[in-house]
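[1] please find the sequence and the predicted model below.
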Amino acid sequence: MRFLLDDAVIELAEVDPTATVLDYLRYQLRRTGTKEGCGEGDCGACTVLVGELDCASISWRAVNACILFLPMLDGKVLMTVESLAPIGELNPLQACMAANGSSQCGFCTPGFVMALHGRAIGASGCDLPVADGIAGNLCRCTGYGPILDAAACVTTVPQDDSALIPALRDIAPQTMTSGEYQGRTWFAPREPAMLAQLLAEHPDARIVAGATDVGLWVTKGLRTLDTLIFIGDIPELRAVEETPAGINLGAAVTYARAHKALGRLHPDLYELTRRFAGLQVRNAATIGGNIANGSPIGDGPPALIALGATLTLRGPEGRRTMPLEDYFLEYGKQDRRAGEFVESVFVPRPKPDSVIHIAKLSRRFDSDISAVCGAFALDVRGGTIVTARVAFGGMAATPRRATACEAALAGKPFSAETIEGAARALRQDFTPLDDVRGSAAYRLEAAANLLRRLCAREQGQAISVLELQADG
Amino acid sequence: MAECDPALVLPKPSHPHDSARLHVSGAARYADDVAEPADLLHLAFGQSAQACGRIVAMDLSDVWAADGVVAVFTAADIPGENNVGPVVHDDRLLADGEVISHGQPLFLVAATSQRAARKAARLGKVTYDIAEPILTIARARAAASLIEPTQRMARGDAEAALVQAPHRLSGGFAMGGQDHFYLEGQVALATPGEDGQIHLLSSTQHPSEVQHLVAGLLNLSSADVTVEVRRMGGAFGGKETQAALFAAAAALVAAKTGRPAKFRCDRDDDMVLTGKRHPFQIRYDAGYDDAGNLLALALHLASDCGASVDLSPAINDRAMFHADNCYFIPDITIVSERLKTNTVSATAFRGFGGPQGMLAIERVMDHVAMALGRDPLDVRMANLYGPGRDVTPYDMQVTDHIAPALIARLRATSRYDTRAAAIDAFNAGSPILKKGIALTPVKFGISFTTTHLNQAGALVHVYADGSIQVNHGGTEMGQGLYVKVAQVVADVFAVPLASIRNTATRTDKVPNTSATAASSGADLNGMAAYEAAIAIRERLTAFLARTYGCAPEQVLFTSDGVLVAGETIPFAHVARKAHIGRISLSSTGYYATPGIEYDRAAHKGRPFYYFAYGAAVSEVAIDTLTGEHKVLAVDILHDVGRSLNPAIDCGQIEGGFVQGQGWLTTEELVWDDAGRLLTHSPATYKIPTASDRPRRLRIDLWDGENAEPTINRSKAVGEPPFMLAISVFSALNRAIAATKPDKRAMPPLDAPATPEKILNAIAGHRL
């Protein structure tokens, strides 16, 4: 595998497929500016920028080096805090941050510098409000004020990619790359047919898209993965197609890339995606991975289920398409047969008169995992709810539709009384658990209240504290 | 004893943090950034799977056999005392048969990589004789499980005064602990030296304690052990005593194997292994009159100290010291129960018990206001210390009376009353979203309450080229101590700050230091460095007066150079001349805080040199359907005396506030029924992010100077602002109360105010 570190080509003959970019930087190259704060992609201290060819330019994105496996850099360019200025010098953003108190202990600082530098060179998500762009970076000292000020002060930094583009073309892998390391193998196919063939040959291989989940199996679970197939560089799986009927998302489309397209389906979906982890994770985590791993608390599935999404799997027998909710069989078990992989998701465009509400409840607004994630899509005509699709995450062992709730809504007038009936019906649908994110009682009550909130919003009431301003 | 030279009370500009340029370029070196020696061993603990019991057998054969493992150590391998506890020696490096908390270190693995060590550490087969763990304050109370006798601080006769008071109320609530979540996890690198000596790079707030504990552990003298720390990537109290565990482990392996050893702790392991802020349960019984004057208070503070003593006695003392906050309570009894449980030992955390005591009394203020149907701020102001009502429950007189004026000014500048009225109107028309506003004050006592800790040393070298090295016993954890001390020294010689080089804190430069804690770093070390610098300057003055045949008064250190009898000599030339003239250009400096004494048995005396003050107004909104909230605006007015560095101080205020906001809102620690910490990673433990910062946050500095002759007449700033965030909790309480505005009762809100707790409090209030 080959990649660029700044403008130098690094070629590695033998690569541990689950070696992290962070460890490689810190302990092999002794580039110690990039820090480990948590080793699980939740603090951003290890933020680096990864660039790849996108037609005639380079598209940059900030990612967490602590859960980025080294082979995932193949054919790409890596930028670290050491890349920004010669030793002893600072770029304008760094100079501003150094002068204005953006650092106290300084340990999280290189991560913030890289996240803000990404914004300043037009990296993925650079048009988000600053606080959203750094929601994946934790600082325990400053209270964030000076960092936000610095970002407002230095909004652009010149980035000349002209030499990098031909250099990246030179190292671009033309076909599948692969490697072996101490009896463990990895593959990085470039087309779906190759992926299908690999899976047929290695049915137990672990498919890795963004590694934001599998990364933790390695850094926290200390697991050894024998065969890995990296699918992040298969163009067909990274396609986003928007049509009047809806959007089709390849399995390896990142949440960051899908953000705006999803937002065009409904503003709540934009807001949900904004609160989906931090930007570094959204720049790596994929639509397909968030579904394929079958988590009961993944934020994508409830919303997509409520909107009527369908999932396409591809395997030795060809393709099959199913309603997304049917994929989740039980906790830890999905309807994916040997040799199959998640290929794409189609999300239909809501009808103009649909009443939609998608809400995620968590301790913290940004970069948190749901206690409850609820999604409601009601087709209302002439004051009557014609059809209702209601789905929840965090309420059961899988993301699931609330059938009793749906039945209590369908065919009824869209009224407070109907909503109360549907709220009561949720108790038939779910018997949630007490866990670290909330009690069963809270989950049930809050889930029911989300229905009431939907109703209140339709009546024109303000329903989110995020809409409010201070009186002073 | 050094008095501050009034001539040197100079305006101190806002120099950036001395390492800011290194921070932003990634060039600032932390312990794990130092190049690793080739034969380095990496360490991990095998940890207890039980919270309470005895170890019957420990089969470590699989650990020994694992890839990369070089050695495995148990308690039996420790040559000296198996202890990493600071005061009472009850913290084991490795369990010696008894298990007292889940995750406790049982054995220590040394391997060729960190991953190999961590993997092997999970392979131990341990058989336990399991005992029922005590995991809650309630269980500990029932079992009378205490780390020390219950303490009582009292004045007057609270019981009698309660009976006589026109009105009486009682209540209680719980507040959770808090993980420090320093971004740099615990780390130590031990290097064996010749003749049994050990050098340690340790991310610690207390190098001297690490030195002493490691010496005891290895049967060495303190002179054999050197501990060095240039900077920490955050600490907040979490590296005051807790760093010793990792340093001791590294030192043990270095001593036993003769190879350098590094313990870089994984984040999740760190959160399980290290102590946190004490959770408290509060009960109160208060007597008051129609005007809201608090006449009598019986306050009961019960804290979960965890499995060992650690610093819990002093932390709980500080909770008692701050249970009056800014208020005079004529008859008061504060009872403080320090409970021992089978959770990881609670430890120091910014505020050191002060926040818990202060939150208790602020809840009482809110409760009295709710019961009377009055604005809580009016109740607070009615109860402030003032002339004639100025003695604390521990008999220290409050003489400065800053709080009344400071609160009044903030009330006006924040337009508190106008906004409170606007919020009432908003709430009347908003069924789902409710707003609340609150102003709460802070009075925080400055000094270690263990009097002998209030001392510091420094070492200043002037080199013959005029450059200056400063060293002192304080450690840099991001708070800007080094730049403040450097500014003090630069001003003594009237040289540019760039002439000063801060050097790493080392036990072989300044011995027998206190922890950098209790907000005292700049007060103590700044004054010690000042003394050292002044000693050198006096020698230079005498030398120049002699050389030039003038009076010492005719030697002046100015920013243009040293003025001697009408001639201006660059400082570098002065240094060179003095060296050739055989004048010592190096000096130690020493400082001990004057005028403090405390009788702990009676809980009476003057434990604090002075008080730091502040106040904050917070405006919040809650969602009554989901329990979500948002802090909308915050106005802060804070007293740092005559600031040593206004920008650094404002950074401490903002950072402290947001950290306090996290403690009271999003940061919830959850243990399961077996005593396992479930919130052991940032995936489940949520400190504030950038968007949690209040939308509008205004910070102003109070324009007074310290009445005591501290360095530059400044005041300590590390901890006090943390408690400004109590205003957020109080504002949330008021927003919840607005769901049933006519009910004269206190919403049953516990901290942290998570969505679930807010929803529960709304339900409780609506009953």
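    Right, received. Where do you want to start? Numbering: from 1, shown residues only, chains lettered A, B, ... in the order given.

[2] quick check: nearest residue in space to the residue in chain B that chain A sits nearest to, chain neighbours excluded?
    The nearest approach of chain B to chain A comes at residue B:26, 2.0 Å away (Cβ to the nearest Cβ). C-beta: built from backbone N, CA, C; applies to glycine. Of all residues not flanking residue B:26 in the chain, residue A:33 sits nearest, at 2.0 Å (Cβ to Cβ, 6 or more residues apart in numbering or on different chains).

[3] burial check on that neighbour, number of neighbours?
    Residue A:33 is flanked by 26 other residues according to other Cβ atoms under 10 Å in any protein chain shown.

[4] ok, now which ones touch it?
    Going by Cβ atoms under 8 Å, 6 or more residues apart in numbering or on different chains, residue A:33 touches A:80, A:81, A:82, A:110, B:25, B:26, B:27.

[5] one more time with 10 Å
    A:25-26, A:48, A:80-84, A:109-111, A:113-114, B:22-29, B:33 (Cβ atoms under 10 Å, 6 or more residues apart in numbering or on different chains).

[6] now do residue B:507
    B:200, B:207-212, B:222-223, B:225-229, B:473, B:513.

[7] which SS class is the residue nearest to residue B:26?
    coil (DSSP: H, G, I helix; E, B strand; the rest coil).

[8] residues from the stretch 201-350 of chain B in reach of chain A?
    With Cβ under 10 Å from any Cβ of the partner chain as the criterion, the stretch 201-350 of chain B comes near chain A at residues B:203, B:231-236, B:238, B:264, B:266-271.

[9] if we go to 7 Å?
    Applying Cβ under 7 Å from any Cβ of the partner chain, we find that the stretch 201-350 of chain B lies next to chain A at B:232, B:233, B:234, B:266, B:267, B:268.

[10] now render those as JSON lines, adding pLDDT, neighbour count and distance to residue B:150.
    What follows is these, written out as JSON lines (pLDDT from 0 to 100; neighbours: other Cβ atoms under 10 Å in any protein chain shown; distance: Cβ to Cβ, whole Å):
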{"residue": "B:232", "pLDDT": "98", "neighbour count": "30", "distance to residue B:150": "35"}
{"residue": "B:233", "pLDDT": "98", "neighbour count": "30", "distance to residue B:150": "38"}
{"residue": "B:234", "pLDDT": "98", "neighbour count": "26", "distance to residue B:150": "34"}
{"residue": "B:266", "pLDDT": "98", "neighbour count": "24", "distance to residue B:150": "38"}
{"residue": "B:267", "pLDDT": "98", "neighbour count": "24", "distance to residue B:150": "36"}
{"residue": "B:268", "pLDDT": "98", "neighbour count": "22", "distance to residue B:150": "35"}
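
[11] and the residues you listed as JSON lines, adding secondary structure?
    Output for these, formatted as JSON lines (three-state DSSP):
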{"residue": "B:232", "secondary structure": "coil"}
{"residue": "B:233", "secondary structure": "coil"}
{"residue": "B:234", "secondary structure": "coil"}
{"residue": "B:266", "secondary structure": "coil"}
{"residue": "B:267", "secondary structure": "helix"}
{"residue": "B:268", "secondary structure": "helix"}
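
[12] just the residues you listed now: which is nearest residue A:326?
    Nearest to residue A:326 among these is residue B:268, at 35.0 Å by Cβ to Cβ.
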